[in-house]
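> Everything below, folded, please.
(chains A, B, C and D)
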Number of protein chains: 4
Amino acid sequence: MKKTVGIVGANGYTGSELIRLLAFHPHVTLSFLYSRSNSGTKISDLYPDLTTVCDQVLTDEFEEVDILFLCLPHKESRNWLAQNPVKDETLVIDLGNDFRLEGNFGNRNFIYGLPEINKKHFQGSKSIANAGCFATAIQLALLPLAEKGMLDEVYTTGITGSTGAGQSLQATTHFTWRNDNISAYKTLTHQHVDEILQQLVSLNNKEVTLNFVPWRGDFARGIFTSSMMKTDLKLEELEQLYQDFYAEEPFVTVSSKAVDLKQVVNTNRCVIQIEKSGNVAVVHSAIDNLLKGASGQAVQNMNIAMGWEENAGLNLKPIAF
Amino acid sequence: MKKTVGIVGANGYTGSELIRLLAFHPHVTLSFLYSRSNSGTKISDLYPDLTTVCDQVLTDEFEEVDILFLCLPHKESRNWLAQNPVKDETLVIDLGNDFRLEGNFGNRNFIYGLPEINKKHFQGSKSIANAGCFATAIQLALLPLAEKGMLDEVYTTGITGSTGAGQSLQATTHFTWRNDNISAYKTLTHQHVDEILQQLVSLNNKEVTLNFVPWRGDFARGIFTSSMMKTDLKLEELEQLYQDFYAEEPFVTVSSKAVDLKQVVNTNRCVIQIEKSGNVAVVHSAIDNLLKGASGQAVQNMNIAMGWEENAGLNLKPIAF
Amino acid sequence: MKKTVGIVGANGYTGSELIRLLAFHPHVTLSFLYSRSNSGTKISDLYPDLTTVCDQVLTDEFEEVDILFLCLPHKESRNWLAQNPVKDETLVIDLGNDFRLEGNFGNRNFIYGLPEINKKHFQGSKSIANAGCFATAIQLALLPLAEKGMLDEVYTTGITGSTGAGQSLQATTHFTWRNDNISAYKTLTHQHVDEILQQLVSLNNKEVTLNFVPWRGDFARGIFTSSMMKTDLKLEELEQLYQDFYAEEPFVTVSSKAVDLKQVVNTNRCVIQIEKSGNVAVVHSAIDNLLKGASGQAVQNMNIAMGWEENAGLNLKPIAF
Amino acid sequence: MKKTVGIVGANGYTGSELIRLLAFHPHVTLSFLYSRSNSGTKISDLYPDLTTVCDQVLTDEFEEVDILFLCLPHKESRNWLAQNPVKDETLVIDLGNDFRLEGNFGNRNFIYGLPEINKKHFQGSKSIANAGCFATAIQLALLPLAEKGMLDEVYTTGITGSTGAGQSLQATTHFTWRNDNISAYKTLTHQHVDEILQQLVSLNNKEVTLNFVPWRGDFARGIFTSSMMKTDLKLEELEQLYQDFYAEEPFVTVSSKAVDLKQVVNTNRCVIQIEKSGNVAVVHSAIDNLLKGASGQAVQNMNIAMGWEENAGLNLKPIAF
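Residues are numbered from 1 along each chain as shown, chains lettered A, B, ... in the order given. Below is the predicted model of the structure:
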């Protein structure tokens, strides 16, 4: 029998993207789509691409479900959980950043939801704090080195699509401004750095420095990052290390060929390429920020926690062009 | 047991898009991917988004299959069929324009492959000439009126993405030129007009005039068309006529709200909206040119011809953003 | 000696574009930049591209000038003029639509500001109602036929960049939505139709029907229109008619080659191409909506009214790519 | 009297951009536009935006001029100069990379053409090797530190528009591929690194390491770079250092506000912003690759060499939107 699912904050980008994924998922059925601001509206009126895919009406009433996704603005998940009667048996996956650094909340202890680190702890878990989008792209680029204790100082530049900024209207998401434009923001101070370092340092067993410059890109979906660092490993050794680390991971590919963003857009995949010159290595990684960087990863985490095949509902047709 | 499929011209845009669809189709298995020019190359080396989805090697050897898709440049399908031993029992779906106007070829008689017209003739058929991309968008916008004999003179403007021009490098597909640019081409002389009129006149039972101006758009995927015509029907009558006509069609939606192209990109859907002022009606229609306008429709046609559920393999996550 | 200029509504797109043009104009000097909402702010803080070009501070105080441009939201120009002491000798050029259909206002009588129609009336005039953006593109495509009384029924589709929607944040100017997207709006009901018909009918000396479908494009600047109509004139005759009509116009080119939008972006030019098949002619026209469609035309109108060379300050480097 | 100018390779992007600039330059007249491959063609047939701006016919015959610009593919300038009778008195400005690292050629000694370094040597010079596009953006971001001997190890990521790849048709300039896409290329091995280091080391008086990852962007014009480095200087000290260094430079602005690419597109300006966190500084710089990164800088260099005002012909209207 299919498991019941509720999505809180279903009217946002990550919420609606979850609907697109779960509408065709073989093991779940959508029980309720929660939105305080759009209660009473059909989700397909907000997102007409969902017409015929999901025509449910948004509600502001909670009901019991097997699996609950929280797609709220950052800092609102704790309040929501405190105010709504979610049973301990319900699997809660939070897509915000409320529980990534500090997972304790009442009877719950949220596990950091990057499956390539924590997969073994997911099965049977009831609380997962989905990793952030830049955090996913950058960690996947660095994990194999961290696991060997080889990370020291990293210089990363990353670029993100406009969906990363959410659906609110802002000067930096105005088409007239953003089209054909590039800009930096939160230079060296992006909120994901803490989340990344907490994981990497724990694996690396010594200090890691991450200097991260995020850029806004003139496209809607995707994250592309290039991380530079010094290393004595040869390119072949690096590639082998990464190949081995990700050998069993269905959604991470280590490529010896040039990576471009559209290889992964509209998929749950991450593609990584390593290059080397002198004593400096560069690791490129690309993900779809709304999928592997958010809603797709949430489904992947759910699949693992529920004991289902990891790619259930995630065999997505790439946009490719 | 799954049916075997071969794709001829698998290295092009429509061929590779078929692979993206069929790799996850529940009833078929890919037997061979044929390409003369890229024989010996892994398809995922040409299209890295296919890595882990399909890593087959392109071949120039034909083998027997249950279903054969021809994704060749226009005018090459006849030659290919003449030179290769395709059995009469094989379902052949041609995505080129070789058999759209004249379907006879040896023992075969190709049926025009727009399911919303000819679906009833598909089941058991072995030869289908898939409709063209603009032809699909424009016919779906006009069919309900044609069926009532109400079409007379139509003025249509349509815009298409760069994938419509194929993968060859041309001045008009150079990024530097096409980005932020709009241009008209084949004004009043687009090759799809004949194909459209052949179908519409047959339904309409009297002459139809279609004045069609195609534009090149600065995006990769999709077709959006607006067709103007005089009619005495009120808006409500038009909407009812269209609603009734498409009531049983899983991939055509008649919307009373504003249509935009991205409602259908990366799906097999067509969305139609009608507006009216004075005695002039405007019908907008939007499709993904590579899906409902080509490879998706080919899969839909296959599903019907094989007696499978019409949307098998076509429950696609929209790109949406 | 240079003439003094004031810009009211200098903080908007057309206002700031006027600054870009007038900062390097040989015959004028910017006296004041008026903005109620941004008074006290440096214009180059709102538009950093103006840094070193114009670093004036916006003000909400009016002072006397020789030339006054009104760049206010539609319907606000009348109020502003009523409330501020603009002398009769001041040349007022309104970029809104307040005076296009009805030009009388106190002692002033605004002339419709499309120089290719009304240039002869500009010199010495003190009140000009600048033509609208779509109105400019469509009229320039139809004027030669109207002047011969040959216009009857016209079917026009036009596409506009996001700057046409102004700087306010709207769902339809959100980058995530608009990127790679096409949509229709104000189908058959665009406000410029009245303005266009008032001029065309006056020239044509008989009724004209204009069926106009505007589209939103996924680019920031420019308008491209295609107008279809029946005519007995041969292509050569049409081209000759247009060549003759525009022979003395410095900013209108009749091209026998394919027109694309970027031929005119960041210039004050309009390029027109005519095609014909059977008894149907199609006239394409392209302009930059902020220049020939707004601020550039305003400068052109000023130049004529002041008796200066028509292209003063308008020898602009095209963006081209 | 105006000076005569010839452009060799006038049919390429940088050549045509020079025409756009020089057509309105107050002190020069275009004598000949040289192109072997397009000899006999009107330049405005290749670049229709030049219609009415410049309708000259391309030629393959050299004639004497006062000023000669070479806009040839890299490595062809030496051959061309060897085969054509250019007098010693002619000012030659090479936009290729033939003379940037090694300037001696016959009687000529090419000076590296970045005016912010070498301006003082230009006046009266007859041979200038125009700086490369990425080289300009990166050097302008680092010069003030180099001049103080404070450069050590720099990590730079830069993104460039498609015009940087020239007009030839390539897989990476196909619109279908490049639209909405990001990719890295020539990681740590870009040809401009040598040119940059030659200048920086000379100023810095000690070794400099530049780790540079170039990205391809999904826009046509512009370069945006972010350079990370360790420094003990405080942000205020850095800003002061940069302000002082560029105090007299008309085309370089040091901004304390966020920089975005479109602040400089279609201008000859470079905008720089510095940010600091901990001991790491990040310097962002933005230019138009075809203007300050190529043809605009060539005009600037010409102006200085000829003793004209530095901004002659370079008061360009920004595209802004």
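> for chain B, what are the nearby residues on the stretch 101-250 of chain A?
Taking Cβ under 8 Å from any Cβ of the partner chain as the criterion, the stretch 101-250 of chain A approaches chain B at residues A:163, A:179-180, A:220-221, A:250. Glycine gets a C-beta too; all of them are placed from N, C-alpha and C.
> got a list of what the closest residue to chain B within the stretch 51-200 of chain A touches?
Here the stretch 51-200 of chain A gets closest to chain B at one residue, A:T163, 5.0 Å apart by Cβ to the nearest Cβ. Counting by Cβ atoms under 8 Å, 6 or more residues apart in numbering or on different chains, A:T163 makes contact with A:13, A:220-221, A:289-290, B:321, C:176.
> Out of those residues, list just those in helices.
Counting by DSSP state H, the part of the contacts of A:T163 found in helices is A:13, C:176.
> Can you pull the residues of the stretch 201-321 of chain A lying near chain C?
So the stretch 201-321 of chain A meets chain C at A:218-220 (Cβ under 8 Å from any Cβ).
> what about 7 Å?
Within the stretch 201-321 of chain A, the positions near chain C by Cβ under 7 Å from any Cβ of the partner chain are A:219-220.
> ok, which stretches of the stretch 201-321 of chain A are strands?
With DSSP state E, counting those that start in this stretch, the ranges of strands along the stretch 201-321 of chain A come out as A:209-216, A:223-230, A:252-255, A:270-277, A:280-287.
> would you list the ones you listed in JSON lines and tack on mean neighbour count and mean pLDDT?
JSON lines is the format used below for the strands of the stretch 201-321 of chain A (neighbours: other Cβ atoms under 10 Å in any protein chain shown; pLDDT from 0 to 100):
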{"stretch": "strand A:209-216", "mean neighbour count": "22", "mean pLDDT": "98"}
{"stretch": "strand A:223-230", "mean neighbour count": "25", "mean pLDDT": "98"}
{"stretch": "strand A:252-255", "mean neighbour count": "22", "mean pLDDT": "98"}
{"stretch": "strand A:270-277", "mean neighbour count": "23", "mean pLDDT": "98"}
{"stretch": "strand A:280-287", "mean neighbour count": "26", "mean pLDDT": "98"}
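> Can I have the buried ones of the residues of the stretch 101-250 of chain A next to chain B as a ChimeraX selection?
In ChimeraX, this line selects whichever of these come out buried by 16 or more other Cβ atoms under 10 Å in any protein chain shown:
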select /A:163,179,180,220,221
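> of all the residues of the stretch 101-250 of chain A next to chain B, which comes closest to C:N279?
A:N179 (39.9 Å; Cβ to Cβ).
> among the contacts of A:T163, which two are most distant?
Maximum pairwise distance in the contacts of A:T163, criterion Cβ to Cβ, is 11.5 Å, between A:N289 and C:T176.
> Quick check: the gap between the residue of chain A at minimum distance from chain C and A:S162.
Relative to chain C, the nearest point of chain A is A:L169 (3.5 Å; Cβ to the nearest Cβ). Applying Cβ to Cβ, to the nearest Å, the value for A:L169 to A:S162 is 11 Å.
> touching chain D at all, the lengthiest helix in chain A?
For chain A, the longest helix by residue count, based on DSSP H, is helix A:133-147. No - using Cβ under 7 Å from any Cβ, helix A:133-147 never reaches chain D; the gap is at least 11.9 Å.
> residues in contact with that helix?
Contacts with helix A:133-147, where a contact means Cβ atoms under 7 Å, 6 or more residues apart in numbering or on different chains, come from A:114, A:116-117, A:151, A:154, A:156, A:158, A:160, A:164, A:190, A:192, A:195-196, A:199-200, A:203-204, A:214, A:223, A:225, A:227, A:241-242, A:245, A:252, A:270, A:272, A:283, A:285, A:287, A:289, A:292-294, A:297.
> re the thing from before, hmm, the residue of chain A closest to chain C is touching C:T176, no?
No - judged on Cβ atoms under 7 Å, A:L169 makes no contact with C:T176 at a distance of 10.2 Å.
> who's more crowded, those two?
Higher neighbour count among A:L169 and C:T176: C:T176, with 24 against 14, using other Cβ atoms under 10 Å in any protein chain shown.
> need the contact list for the more buried one.
By Cβ under 7 Å, 6+ apart, the residues touching C:T176 are A:162-163, A:173, A:220, B:321.
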